[in-house]
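Colleague: Fold the following for me, if possible:
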Amino acid sequence: MYLLGFDIGGTKCASVLGRKTEAGLRICRRRVFPTPKGDPKSTLLTLLNDSKALCAEEAIASSAIAAVGISCGGPLDAKAGVILSPPNLPGWDRIEIVHYFEKALSCPVALQNDANACALAEWQYGAGAGTSNMVFLTFGTGLGAGLILNGQLYEGTNGMAGEIGHVRLAPEGPVGYGKAGSAEGFCSGGGIAQLARAMQSKAERDGIPTALKALSSDALTAKAVAELAEAQDACSLRVYRQSAEHLGKTLSILIDLLNPECIVIGGVYMRSHTLFLEGMTDVIETEALPAARKVCRIVPAGLGEQIGDFGALSVAQEAHKKKEANK
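Modeller: Numbers count the residues shown, from 1 in each chain. As a prediction, this is how the structure comes out:
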């Protein structure tokens with residue numbers, strides 16, 4: 001069974017052709033292109049043309065596609081199949097993307113926000129496989145959560161479940177999700193960059209030696225700071241310690257509230273999890289209920305850098321299941 005996935009981001013978009021067999025889900029072909037700024041029509045047309053090219057490369061007809069899955073940052077209305085003005089996609093205002101691809105490809109199409117899509121992928125094929133209650137955290141540009149509860153995706157009343165990044169952890173702090181001191185402010189790539197800039201300024205004022213001083217504001221990325229921390233730069237280590245402790249607070253809330261078997265974390269944590277372990281664990285040991293803490297594993301995403309591709313294909317798989325169930 002062939003499935004088609006579209007992973008739409010503010011920087012790049014990917015078209016992915018996958019094949020579902022009894023052995024699992026395999027990525028057959030993939031195409032990527034930079035997202036045109038403020039031009040959703042051009043983006044949709046390129047995705048459509050790339051999907052047809054992928055089918056031609058695989059020597060299958062477009063009619064062989066069983067379903068299409070779309071993963072995109074929110075806000076969006078998954079039930080209506082509409083993208084609603086995401087901050088990283090200017091100009092994408094009320095884009096009826098599901099209708100567009102249903103008409104063009106004549107097969108079931110489903111839309112999910114990227115956190116939910118990746119949660120489905122990690123639950124079915126990644127680090128959360130075999131669980132009934134799992135949380136996935138994006139920990140990328142922002143901090144979103146996808147929730148698998150009692151063996152199914154939980155979206156909430158109007159698709160807003162899982163917005164843990166909006167929870168305020170401190171009266172002041174880096175800004176994320178439009179709120180100073182929020183979980184996203186402390187636990188995201190942008191948040192770590194803000195923490196690093198504050199640490200850089202403090203080091204300048206106090207005359208503290210640090211490799212952070214050599215980086216321009218634009219170069220102070222989570223990746224760059226992680227590299228300095230891994231080289232044992234004291235100030236960079238403190239930046240990651242701050243993020244780790246606030247990640248521990250965030251995870252403690254999720255552990256106590258949802259009692260999951262597993263929390264899977266992607267993005268920055270997936271790439272640099274050793275920098276988080278001590279600070280995160282110390283806080284969880286203090287804050288989370290012992291009985292809930294003991295049954296919860298906290299692990300990096302198992303699908304690695306392919307998680308976006310598998311996320312979009314997992315949404316397609318769910319669309320096909322829904323079609324079969326309604327027959």
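Colleague: which phi and psi does residue 259 have?
Modeller: Torsion angles at residue 259 (phi, psi; degrees, to the nearest 10) stand at phi 50, psi 50.
Colleague: roughly how far apart are it and residue 150?
Modeller: Here residue 259 is placed at a distance of 11 Å from residue 150 (Cβ to Cβ, to the nearest Å). For the C-beta atoms, the positions are set from N, CA and C on the backbone; glycine is no exception.
Colleague: list residues touching both of these two?
Modeller: residue 133 (Cβ atoms under 8 Å, 6 or more residues apart in numbering).
Colleague: Have a look at those two and say which one is more surrounded.
Modeller: Higher neighbour count among residue 259 and residue 150: residue 259, with 15 against 7, using other Cβ atoms under 10 Å.
Colleague: so where do the helices sit in the stretch 201-327 of the chain?
Modeller: With DSSP state H, counting those that start in this stretch as the definition, the stretch 201-327 of the chain shows helices at residue ranges 222-230, 234-258, 267-272, 277-287, 290-294, 307-325.
Colleague: counting contacts, what elements does the second one pack onto?
Modeller: Packed against helix 234-258 by the contact rule (3 or more Cβ pairs under 8 Å, 6 or more residues apart in numbering; DSSP states H and E) you find strand 134-137, strand 145-149, helix 183-186, helix 189-206, helix 222-230, strand 262-265, helix 277-287, helix 290-294.
Colleague: give the contact list for the most centrally placed residue in the chain.
Modeller: Central residue of the chain (Cα atoms, centre = their mean): residue 138, 3.3 Å from the mean position. Shown in contact with residue 138 (Cβ under 8 Å, 6+ apart): 114, 115, 118, 144, 145, 266, 267.
Colleague: Could you measure from it over to residue 205?
Modeller: 34 Å.
Colleague: Quick one: closest of the helices of the stretch 201-327 of the chain to residue 62.
Modeller: Nearest to residue 62, of all the helices of the stretch 201-327 of the chain, is helix 307-325, at 14.0 Å by Cβ to Cβ.
Colleague: So which elements touch the closest one?
Modeller: Judged by 3+ Cβ pairs under 8 Å, 6+ apart, the packing partners of helix 307-325 are strand 2-8, strand 12-21, strand 24-34, strand 65-72, strand 109-113, helix 114-125.
Colleague: How far away from the center of its chain is that helix?
Modeller: 16 Å (Cα atoms, centre = their mean, to the nearest Å).
Colleague: Export that helix to PDB, keeping only CA atoms.
Modeller: Below are the C-alpha coordinates for helix 307-325, written out as PDB (Å, rounded to 0.1, in the frame of the first residue of the first chain):
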ATOM      1  CA  ILE A 307      10.600  12.000  12.000                       C
ATOM      2  CA  GLY A 308       8.900  14.700   9.900                       C
ATOM      3  CA  ASP A 309       8.700  12.300   6.900                       C
ATOM      4  CA  PHE A 310       7.300   9.500   9.000                       C
ATOM      5  CA  GLY A 311       4.900  11.900  10.700                       C
ATOM      6  CA  ALA A 312       3.300  13.000   7.400                       C
ATOM      7  CA  LEU A 313       3.000   9.300   6.300                       C
ATOM      8  CA  SER A 314       1.500   8.300   9.700                       C
ATOM      9  CA  VAL A 315      -1.200  10.900   9.100                       C
ATOM     10  CA  ALA A 316      -1.900   9.400   5.700                       C
ATOM     11  CA  GLN A 317      -2.100   5.900   7.300                       C
ATOM     12  CA  GLU A 318      -4.700   7.200   9.800                       C
ATOM     13  CA  ALA A 319      -6.700   8.700   6.900                       C
ATOM     14  CA  HIS A 320      -6.700   5.300   5.100                       C
ATOM     15  CA  LYS A 321      -7.800   3.500   8.400                       C
ATOM     16  CA  LYS A 322     -10.700   5.900   8.700                       C
ATOM     17  CA  LYS A 323     -11.700   5.300   5.100                       C
ATOM     18  CA  GLU A 324     -11.600   1.500   5.600                       C
ATOM     19  CA  ALA A 325     -13.600   1.800   8.900                       C
END
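Colleague: Thanks again, I'm all set now.
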